[in-house]
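Colleague: I'd like to go over a predicted model; first the sequence, then the structure.
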Amino acid sequence: MSRAFYRFITAFIVILAGLLVYFGPFYDADSAVTDRLYTHYSGTDKHIVIIGIDEETLAEYGNFNLWSREKLAELIEKLYADPENAPAVVGMDLILSESLDDETDRRLAKAAEAAGGNVVVGSNLVYRGRVETGRGGELYYNTEYIDHVEMPYEALRSVVVAGFTNQSIAKDGYIRYSMNSVRYHDTGSNSDVTQDSFAYAVYKQYCGITGEEVKAPKTNDNHQFQFRYSGETGEFSELSLAAVLSGKVPATAFRNSIVLIGAYAPGFQDSYQPASDRGDSMYGVEIHANILQAYMQGKTMIVANKLAMAIITAVLVLILMLVGRRVKLPIFLIISAGFAVLYVLTGILLAGQGLFIPCIYMLILIVMADLNFLIDNHQRELKKQMWSFTEAMAAAIDERTPYNASHTRNVAKYCGMVADYVNKLHRRGKEKEHFSEKRKEQLVMGALLHDIGKIAVPLSVMNKATRLDGHEKEIESRLVNIRLRAEVMLLKGEKDEAWYSDMVKKTEQAKTMLEKVNAAGFVDQETGEELKKVLDYSFEGEPFFTDEEKECLSIVRGTLTAEERKIMESHVSITKRILSKVYFNRYFKNSPVYAGQHHECLNGSGYPDGLTADELSADSRIMAVCDICDALLATDRPYKKPLPFEKAFGIMRDMAEKGNIDGKYVEYLYECLKPENAGEKS
């Protein structure tokens, strides 16, 4: 291997190291590894006791939604009946925001007051996205804006401590993060208010009683910290609420303990996936118990600054590469293996000290470094190494989401097929263009790199399978709630039967329209007109749908809003910026050019540069056609069904007639892919 090429490879891996760590494309895979490495069960704290509203309780007292506050009041009274055996703190992982019955509401408030201010009740953060102005003056959509907080009903609010019970679900669906508190603007008092999390509020109350110092863990820019689990699913001591009320549980079971009351039955739909145990779900109250114990035992971590880690990783990889230049391959393999073990052990040690560092990226980079030293001086091996790194960069985006895992390779394959077809026509004298091996490899490599910019596109945009993207249950629940409230008004005589029937009909229409439109690939004009009427429905001045939900459901084609589509389209500019930082030798110098032009159109309507036919080479035109073709035929997109072969090419021919893409290469690709040519060799 020449010195110049070795320097190129070294620079490539070092840049790749920084990109991987900074953008974190393998978050799911890294989390699967670090969750197992950094979480060691220490056993649950005997002072934390869960009183569960479990199957036994529901069988005894009926549906929880039909309860008054009587049972909860009776429970608090029973827990604090004997001061000698009373718990230190009681935390109710329940949202008691609405008044149900004046008598039992007052009884619960009175019972909580008699507990001496040692009762914590759940609140709920209600997020409503809105457009805000960033520090640089740019507009962005803030999905984490807290519109308001659902607090305990007024009589209870004044005698308890409230803490929000919202779980911080990571982007891979598991729970490994929590928050101490949030700060939001309370429109009622027109002031900024701080609200503690449920576990933090319980922890602070407990420290106030025991005299221990409250130690709030450090948090990241999102005000989150990572915690380590102490117990597996079902490991915390759990007692049935029915058993406690019936007197089967002795009062001594709660002496000086922290009692957490919460849902403990499947019907509540209050279970989550803990990062510590990927096989079993865990009830929300159990997760709060784990977070509480993490507070008490200092089992929290702050994620290392990603920029600092990117720099450190790049430096470590550079050192490893320089060492490899000075030793023989077998020795280097031993050194790199030892380096990997040392890095993992360092990660485990730092986790115990409260600092989380990613693991899998360094292991991947070490493997890449090992592969690098297997390449000899031959030009073919030089190109093979270049291809392996290109594949790694392509995998960085494909691995982010299963829905995009085959797209990059399909586009590269189609580009190669068209190049071969052009050469076949050239040999027959029917085509002037000709693809040398070098030109074809540049085109295919460009195809492998064309979507690398998606590494910076949020998964919430890339993986948006439906217009509402998971908020359907929230709306359905709201419609059920509206219907129940309407029934209550009817039973109270506040409304007549005709009004009630109309409201039932509207909620049913809203639900039907939600199911019809949410996952539809295209909303026709007739359905759109029906949708407009449904979106205007309201209950006593309260809209059925929020403005954000209306915007999402009003999307005509696809699942992305205008702002989300703009974010998605930015991946081409990001691709160009990333590839501009990488040195491509003369052999592959045009690959980044083709990669950055795959969304340009012949008529200048494309992006990001609005290039025209005179500025677009045949290679860029081919890649644009292949990219669109795979998007239309793809079977793995969450937001659309694959189109039939002929219909897909009908759409592409229409695009060619409108001057968007090159019709000649549409027909070439059609000849390559049509069924009767599937087995034909060029």
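Modeller: Sure thing, it's come through.
Colleague: Nearest to the spatial middle of the chain, which residue is it?
Modeller: Centroid-nearest residue in the chain, with C-alpha atoms, centre = their mean: K171, separated by 2.6 Å.
Colleague: Measure how buried the residue nearest to that residue when sequence neighbours are not counted is and give me the count.
Modeller: Distances taken as C-beta to C-beta, 6 or more residues apart in numbering place L459 nearest to K171, at 5.6 Å, with adjacent residues excluded. C-beta coordinates here come from the backbone N, C-alpha and C atoms, glycine included. Neighbour count for L459, taken as other C-beta atoms under 10 Å: 15.
Colleague: what lines up beside the longest strand seen in the chain in the sheet?
Modeller: Secondary structure of the chain per DSSP state E: the longest strand is strand 119-127. Using DSSP bridges, strand 119-127 pairs in its sheet with strand 89-95 (parallel), strand 146-150 (antiparallel), strand 161-164 (parallel).
Colleague: okay, those strands, which one's buried deepest?
Modeller: strand 89-95 (a mean of 26; mean count of other C-beta atoms under 10 Å).
Colleague: From the rest of the structure, what touches it?
Modeller: With contact meaning C-beta atoms under 8 Å, 6 or more residues apart in numbering, strand 89-95 is reached by 72, 76, 79, 115, 118-124, 150, 163, 165, 198, 201-202, 205-206, 209, 258-263, 284-285, 288.
Colleague: Run through the stretch 451-600 of the chain and note the low-pLDDT ranges.
Modeller: Counting by pLDDT under 70, the stretch 451-600 of the chain has low-confidence residues at 462, 520-521.
Colleague: Now do the same contact list for the spatially most distant residue from the centre of the chain.
Modeller: Taking C-alpha atoms, centre = their mean, the residue of the chain most remote from its mean C-alpha position is G429, at 53.0 Å. Contacts for G429 (C-beta under 8 Å, 6+ apart) come out as none.
Colleague: Do a quick rundown of the strands in the stretch 501-650 of the chain.
Modeller: In the stretch 501-650 of the chain, the strands defined using DSSP state E, counting those that start in this stretch lie at 538-539, 542-543.
Colleague: quick one: contacts of the last one?
Modeller: Contacts to strand 542-543, defined as C-beta under 8 Å, 6+ apart, come from residues I482, Y537.
Colleague: What strands line up against it, and which way round?
Modeller: Strand pairing (DSSP bridges) places strand 542-543 next to strand 538-539 (antiparallel).
Colleague: ok, and what's touching the longest helix anywhere in the chain?
Modeller: When the chain is parsed with DSSP state H, its longest helix is helix 329-352. Contacts to helix 329-352, defined as C-beta under 8 Å, 6+ apart, come from residues 34, 37-38, 228, 301, 316, 320, 323-324, 327, 356-357, 359, 362-363, 366, 369-370, 373-374.
Colleague: what does stretch 301-320 give?
Modeller: Residues from elsewhere that reach stretch 301-320 (C-beta under 8 Å, 6+ apart): 10, 13-15, 17-22, 24, 38, 217-220, 225-228, 335-336, 339, 343, 351, 354-358, 361-362, 365-366, 369.
Colleague: of those residues, buried ones?
Modeller: Among the contacts of stretch 301-320, the ones that count as buried by 16 or more other C-beta atoms under 10 Å are 10, 13-15, 17-22, 24, 38, 217, 219, 225-228, 335-336, 339, 343, 351, 354, 356-358, 361-362, 365-366, 369.
Colleague: sorry, back to before: in terms of secondary structure, what does the helix or strand that the longest helix of the chain is followed by contact?
Modeller: With elements assigned by DSSP states H and E, the helix or strand that comes after helix 329-352 is strand 355-356. Strand 355-356 is packed against strand 300-303, with contacts defined by 3 or more C-beta pairs under 8 Å, 6 or more residues apart in numbering; DSSP states H and E.
Colleague: strands paired with the strand it packs on, and their directions?
Modeller: Using DSSP bridges, the strands paired with strand 300-303 in its sheet are strand 224-227 (antiparallel), strand 355-356 (parallel).
Colleague: Let me know the angle separating the next helix or strand after the last one from helix 329-352.
Modeller: In other words, strand 355-356. Using DSSP H and E, the helix or strand that directly follows strand 355-356 along the chain is helix 360-372. Inter-element angle recorded for helix 360-372 and helix 329-352: 180 degrees (by axes from the mean of the first three to the mean of the last three C-alpha atoms, to 10 degrees).
Colleague: got the CA coordinates for helix 360-372 in PDB?
Modeller: Output of helix 360-372 as PDB, limited to C-alpha atoms (Å, rounded to 0.1, in the frame of the first residue of the first chain):
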ATOM      1  CA  ILE A 360     -20.400  -0.300  19.100                       C
ATOM      2  CA  TYR A 361     -18.900   2.500  17.000                       C
ATOM      3  CA  MET A 362     -15.400   1.900  18.300                       C
ATOM      4  CA  LEU A 363     -15.800  -1.800  17.700                       C
ATOM      5  CA  ILE A 364     -17.000  -1.200  14.200                       C
ATOM      6  CA  LEU A 365     -14.100   1.100  13.500                       C
ATOM      7  CA  ILE A 366     -11.600  -1.300  15.000                       C
ATOM      8  CA  VAL A 367     -12.900  -4.000  12.700                       C
ATOM      9  CA  MET A 368     -12.600  -1.500   9.800                       C
ATOM     10  CA  ALA A 369      -9.000  -0.800  10.800                       C
ATOM     11  CA  ASP A 370      -8.200  -4.500  10.900                       C
ATOM     12  CA  LEU A 371      -9.700  -4.900   7.400                       C
ATOM     13  CA  ASN A 372      -7.600  -2.000   6.100                       C
END
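Colleague: got a list of contacts for it?
Modeller: By C-beta under 8 Å, 6+ apart, the surrounding residues in contact with helix 360-372 are 9, 13, 16-17, 20-21, 26, 29-30, 33-34, 313, 316-317, 320-321, 324, 332-333, 336, 339-340, 343-344, 385, 388-389, 392.
Colleague: What mean pLDDT does the longest helix of the chain get?
Modeller: Average pLDDT, helix 329-352: 89.
Colleague: again with stretch 624-639
Modeller: The pLDDT scores in stretch 624-639 average 83.
Colleague: pLDDT weak spots in this protein?
Modeller: Judged by pLDDT under 70, the stretches of the chain that qualify are 1-6, 374-385, 396, 401-405, 462, 520-521, 636-640, 676-682.
Colleague: Pull the number of nearby residues for E144.
Modeller: E144 has 10 neighbours, counted by other C-beta under 10 Å.
Colleague: how near is it to V182?
Modeller: Look at E144 and V182: by C-beta to C-beta, to the nearest Å, they are 9 Å apart.
Colleague: about what we covered before: can you tell me which helices and strands whichever helix or strand comes after the longest strand of the chain packs against?
Modeller: Next helix or strand after strand 119-127 toward the C-terminus (DSSP H and E): strand 130-133. The contact analysis (3+ C-beta pairs under 8 Å, 6+ apart) places strand 130-133 against strand 139-142.
Colleague: Run through the residues that contact M652.
Modeller: V625, I628, C629, L632, I661, V666.
Colleague: try 7 Å this time
Modeller: M652 makes contact with V625, I628, C629, I661, V666 under the criterion C-beta atoms under 7 Å, 6 or more residues apart in numbering.
Colleague: With adjacent residues omitted, what lies nearest to the first one?
Modeller: Distances taken as C-beta to C-beta, 6+ apart place Y665 nearest to V625, at 4.7 Å, with adjacent residues excluded.
Colleague: Please verify my assumption that that neighbour contacts R621.
Modeller: Yes. If you go by C-beta atoms under 7 Å, Y665 and R621 touch, sitting 5.7 Å apart.
Colleague: Make CSV out of the strands of the stretch 501-650 of the chain and add mean neighbour count and distance to I482.
Modeller: Listed next are the strands of the stretch 501-650 of the chain as CSV, based on neighbours: other C-beta atoms under 10 Å; distance: least, C-beta to C-beta, whole Å:
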stretch, mean neighbour count, distance to I482
strand 538-539, 15, 5
strand 542-543, 12, 8
